[in-house]
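Colleague: compute the structure for the input listed below.
(chains A and B)
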2 protein chains.
Amino acid sequence: MKAAIIGGGVIGGGWAARFILNGWDVAIVDPAPDAARKVEAILESARRCLPRLYEKTGLPAEGRFIFTSLAEALQDADWIQESLPEKLEIKRAMYAEIEKHGAKDTVIGSSTSYLAPSLLQEGRKYPERFLVTHPFNPVYLLPLVEVVPSPHTKPAAIDLATCIMTKIGMKPLAMKREIDGFIANRLQEAIWREALWMVKDGFATTKEVDDAVRYSFGLRYAIMGPFDTCRMAGGEGGFAHFLSQFGPYLEAPFSKLMDVPTLDDALVKTISDQSDAQSGHLTIHEMERIRDDNLVAILKVVNFMGKD
Amino acid sequence: MKAAIIGGGVIGGGWAARFILNGWDVAIVDPAPDAARKVEAILESARRCLPRLYEKTGLPAEGRFIFTSLAEALQDADWIQESLPEKLEIKRAMYAEIEKHGAKDTVIGSSTSYLAPSLLQEGRKYPERFLVTHPFNPVYLLPLVEVVPSPHTKPAAIDLATCIMTKIGMKPLAMKREIDGFIANRLQEAIWREALWMVKDGFATTKEVDDAVRYSFGLRYAIMGPFDTCRMAGGEGGFAHFLSQFGPYLEAPFSKLMDVPTLDDALVKTISDQSDAQSGHLTIHEMERIRDDNLVAILKVVNFMGKD
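Modeller: Presented below is the predicted three-dimensional model:
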C-alpha cells in the first residue's frame, strides 16, 4: 500500500511516520528545503515511541519513503493525505493540480483542523472522493481522526477512509454532518477562550490554568468524556433526573461563555437516551471501578518531570 | 491529626477516605441513615486503589473513623472540611453552628464547587479562618484541590490548607483572587456548554463527543494543559509569534461560545511571559519527548474495557 503525503510539516510528517511504521510506502511532496530534515526528525520520534505500544503484536516491517514530485507521488497511490497550510486557496489549488494528474480513483483526505469539506471541495471535478480526515498532534500517537464528508462525498470514500485509518491504528470518528471545527476542536476552542479570559482577567496564570486542567479533569478526560463524567455524577438516580436539575446551574455566570442551550425536556431526553445507548450496559459502580483502575494506572506512569 | 468531615456524600466520603488512608483520624457528621454505608463503600474503593500509588513509600497506618455529633467531631479537630449540598443557606447555617461550638482556632474549608468564599463567609464571626478547598471526584485519587481565600481569609489559614492538602497527597492550587467557579470548573463549564450544543444541534451524539475527547486532547490534558499544548504548537518560532496569528482564528465561528478576548499586544505579552516562566526551561523538543513518553505510558495502561 502506498500513501501520497502532500505537505511535510508537523502534521504531514506525523502522518508519514504513522503510515511508514504501519508498513505503508510513503511518497512525500514538499518543496521546502528543510522538509526532509523535519520529517526525519518526526519519524525518529515515532520510531522511539510507537513500537512500545505494539510489544505484544509487533509492527509490520517499515515501508519505504521518498521525497518526490507530485506526479510520482500520485502514481499508484492508495491514499492521498493533504496537510498544507490552512489557506483555502492553497488547498484548492493543490486539489486542482492533483486532478490534473488524473488519479481518478484515489480518495483525498484533508488534514484541515476546521475548514468544512463542502467549502474545500468547491470546483472539484471529483468531489465524491474528497473528505476531511483530521488527526491530532502527535499524529503517530494520538488515536483520533475525524472523518468528515461533504454532502458530495460518496459513502465508499467514507468507508475506505475509516478502514485505512483503523488499519494504521487510529480511531476514526465519522461525522454524519459537517460543521466548522468538527467536534474536538469546537470543544477545545471553548476551553481555550475561557482560559484566555482567565489569564486576561488576572484570575490565573498560564501555569495555574494548565495545572488546574492536568491535575483534575484532564486526568479524567484521558478515560472518559464530559457525558460519561456527568452520567457518573448523577449516580444511580439516573442521568435525566440529574440533568433536569442542571438548568439554573447552566445559567449561572461560571463562564464568560454564556450562550447556553435550554435544557428542556426534549434535550434532556436526547442526552439521556444517547447516554443509555453509550454506557447503559455498565452500572455506575462498574464505571467507577473502570475509572479508578485507569486513574491509578495513569497516575502511576505519568511523569511530570521538570514541570512541577 | 484529626479531621472533622461535615457531610458524608460522594465528596465528603472521598475526603474521609483520603484523610483516613493518609493516617488521619476522621469524625464524620451526617445524619442521613445511609451515610455510613455510603462512606464505607467509598472507603473500600479508596483502599482498593490508593495503596497502588504508594508501592514504594507505603501509606501510613490508617486513621480511625467514627460517625458522631457535630460537637464531638469538632473537639480537637485540626481541620474542618464542609461538603454539604450547594445551598448558601444550608452551608451558612452550618458555619454558624460550628462557631457556636467554639472551635475558634480551626480552619474551615468548604468543598463548594462554585460558590465564592466571600459570599459563603458573610455573617461569620471568624471569617479569617474560612476558605474554599475544592477537590475533584474521586477525591481519594485526583490530586487537584483549589484553595480559594476570600479577602478576609488570613494568610496563615491559606498556608495551613496548602500544607495539609500537600501532606495528604494533593496538589493545592492557591488562587490569589476569588471568582465564581474558580479555575477548573469554569473551564469544564465552557466545554460542557459546547458539548450540549453539539448534541442539541445534532452534530454529534454523547458517545461521539466523549470519544472525540478521550482519543485526542483528553489524552494530552492528562499531561499538559491548553497553554503548554499551544506553546508546543508554536514550535521554536516562539509563543508570542504564534499567538499573534491567532486573532482571526479566535473570531471565526468554530464555537457557539463567542465571547472572545482581544489578543492585543498586552495579552500576547502576558501569556508569552507567563508561559516562559512556566516552561521556558524546556526546549520544544524536550517538551515533545516528555509528552510522547507520557502518552505511550498512558496509552499502554488505559483500558477502555467494554466502552468501545
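
Colleague: elements contacting the host helix or strand of A:Ala195?
Modeller: Taking DSSP states H and E as the criterion, A:Ala195 maps to helix A:184-200. Here helix A:184-200 touches helix A:206-214, helix B:184-200, helix B:206-214, helix B:217-221, helix B:226-234, helix B:265-279, going by 3 or more C-beta pairs under 8 Å, 6 or more residues apart in numbering or on different chains; DSSP states H and E. Quick note: C-beta positions are derived from backbone N, CA and C, even for glycine.

Colleague: with mean pLDDT and distance to A:Phe239 added, can I get those in CSV?
Modeller: Converted to CSV, the helices and strands packed on helix A:184-200 look like this (pLDDT from 0 to 100; distance: least, C-beta to C-beta, whole Å):
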stretch, mean pLDDT, distance to A:Phe239
helix A:206-214, 91, 25
helix B:184-200, 89, 12
helix B:206-214, 91, 9
helix B:217-221, 91, 20
helix B:226-234, 83, 28
helix B:265-279, 75, 37
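
Colleague: out of these, nearest to A:Cys230?
Modeller: Nearest to A:Cys230, of all these, is helix B:184-200, at 7.5 Å by C-beta to C-beta.

Colleague: could you check the angle helix A:184-200 makes with that closest one?
Modeller: Relative orientation of helix B:184-200 versus helix A:184-200 (axes from the mean of the first three to the mean of the last three C-alpha atoms, to 10 degrees): 150 degrees.

Colleague: so how far is helix B:184-200 off the chain centroid?
Modeller: Distance of helix B:184-200 from the chain centroid (C-alpha atoms, centre = their mean, to the nearest Å) equals 17 Å.

Colleague: just the CA trace of it, in PDB.
Modeller: Extracted in PDB, the C-alpha atoms of helix B:184-200 (Å, rounded to 0.1, in the frame of the first residue of the first chain):
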ATOM      1  CA  ALA B 184     -11.100  24.200  36.700                       C
ATOM      2  CA  ASN B 185     -14.900  24.300  36.700                       C
ATOM      3  CA  ARG B 186     -15.000  27.500  34.600                       C
ATOM      4  CA  LEU B 187     -13.000  25.600  32.000                       C
ATOM      5  CA  GLN B 188     -15.200  22.500  32.400                       C
ATOM      6  CA  GLU B 189     -18.400  24.600  32.100                       C
ATOM      7  CA  ALA B 190     -17.200  26.000  28.800                       C
ATOM      8  CA  ILE B 191     -16.600  22.600  27.300                       C
ATOM      9  CA  TRP B 192     -19.800  21.200  28.800                       C
ATOM     10  CA  ARG B 193     -21.900  24.000  27.200                       C
ATOM     11  CA  GLU B 194     -20.300  23.500  23.800                       C
ATOM     12  CA  ALA B 195     -20.900  19.700  24.200                       C
ATOM     13  CA  LEU B 196     -24.600  20.400  24.900                       C
ATOM     14  CA  TRP B 197     -24.800  22.500  21.700                       C
ATOM     15  CA  MET B 198     -23.200  19.700  19.700                       C
ATOM     16  CA  VAL B 199     -25.800  17.200  20.900                       C
ATOM     17  CA  LYS B 200     -28.700  19.600  20.700                       C
END
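
Colleague: tilt between it and helix B:226-234?
Modeller: Per the same axes, to 10 degrees, the angle that helix B:184-200 makes with helix B:226-234 is 70 degrees.

Colleague: check which helix or strand A:Leu141 maps to.
Modeller: For A:Leu141, there is no enclosing helix or strand under DSSP H and E.

Colleague: to clarify, my last question referred to A:Lys176.
Modeller: Counting by DSSP H and E, A:Lys176 is found in no helix or strand.

Colleague: returning to that earlier point: next, format the helices and strands packed on helix A:184-200 as CSV and append distance to A:Trp79.
Modeller: Output for the helices and strands packed on helix A:184-200, formatted as CSV (distance: least, C-beta to C-beta, whole Å):
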stretch, distance to A:Trp79
helix A:206-214, 35
helix B:184-200, 28
helix B:206-214, 22
helix B:217-221, 25
helix B:226-234, 25
helix B:265-279, 36
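
Colleague: and these: which comes nearest B:Gly7?
Modeller: B:Gly7 lies closest to helix B:184-200 among the helices and strands packed on helix A:184-200, at 18.6 Å (C-beta to C-beta).

Colleague: could you give the angle of the closest one to helix B:206-214?
Modeller: Comparing the axes of helix B:184-200 and helix B:206-214 via the same axes, to 10 degrees yields an angle of 140 degrees.

Colleague: what angle separates helix B:184-200 from helix A:265-279?
Modeller: Using the same axes, to 10 degrees: helix B:184-200 against helix A:265-279 is 100 degrees.

Colleague: buried set for helix B:184-200?
Modeller: By neighbour count with 16 or more other C-beta atoms under 10 Å in any protein chain shown, helix B:184-200 contains the buried residues B:184-200.

Colleague: hmm, back to that, out of the helices and strands packed on helix A:184-200, nearest to B:Asp30?
Modeller: Here helix B:184-200 is closest among those (C-beta to C-beta), at 23.9 Å.

Colleague: what's the closest of the helices and strands packed on helix A:184-200 to B:Pro135?
Modeller: For the helices and strands packed on helix A:184-200, proximity to B:Pro135 was assessed by C-beta to C-beta; helix B:184-200 is nearest, at 10.3 Å.

Colleague: and A:Glu194, how far is that from B:Phe227?
Modeller: Going from A:Glu194 to B:Phe227 by C-beta to C-beta, to the nearest Å gives 12 Å.

Colleague: give the residues shared as contacts by these two.
Modeller: Common contact partners of A:Glu194 and B:Phe227 (C-beta atoms under 8 Å, 6 or more residues apart in numbering or on different chains): none.

Colleague: elements contacting the helix or strand hosting A:Tyr95?
Modeller: Element membership for A:Tyr95, per DSSP H and E: helix A:88-100. Secondary-structure packing of helix A:88-100 (3+ C-beta pairs under 8 Å, 6+ apart): helix A:70-74, strand A:79-82, strand A:108-110, helix A:117-120.

Colleague: quick one: buried residues of that helix?
Modeller: Neighbour counts using 16+ other C-beta under 10 Å place A:Lys91, A:Arg92, A:Met94, A:Tyr95, A:Ile98, A:Glu99 of helix A:88-100 among the buried residues.

Colleague: then stretch A:288-298?
Modeller: A:Glu288, A:Arg289, A:Ile290, A:Arg291, A:Asp292, A:Asp293, A:Asn294, A:Leu295, A:Val296, A:Ala297, A:Ile298.

Colleague: just checking: which of these also lie near chain B?
Modeller: When contact is defined as C-beta under 8 Å from any C-beta of the partner chain, the buried residues of stretch A:288-298 meet chain B at A:Glu288, A:Arg289, A:Ile290, A:Arg291, A:Asp292, A:Asp293, A:Asn294, A:Leu295, A:Val296, A:Ala297, A:Ile298.

Colleague: would you mind listing what in the stretch 1-150 of chain A touches chain B?
Modeller: Checking the stretch 1-150 of chain A against chain B by C-beta under 8 Å from any C-beta, the hits are A:10, A:45, A:48-49, A:52-53, A:114, A:136-138, A:141-144, A:146.

Colleague: show me which of those residues are buried.
Modeller: Buried subset of the residues of the stretch 1-150 of chain A next to chain B (neighbour count, 16+ other C-beta under 10 Å): A:10, A:45, A:49, A:53, A:114, A:136-138, A:141-144, A:146.

Colleague: those residues into CSV, with extra columns for pLDDT?
Modeller: Converted to CSV, those look like this (pLDDT from 0 to 100):
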residue, pLDDT
A:Val10, 91
A:Ser45, 91
A:Cys49, 88
A:Leu53, 87
A:Tyr114, 91
A:Phe136, 94
A:Asn137, 91
A:Pro138, 92
A:Leu141, 92
A:Leu142, 92
A:Pro143, 92
A:Leu144, 95
A:Glu146, 98
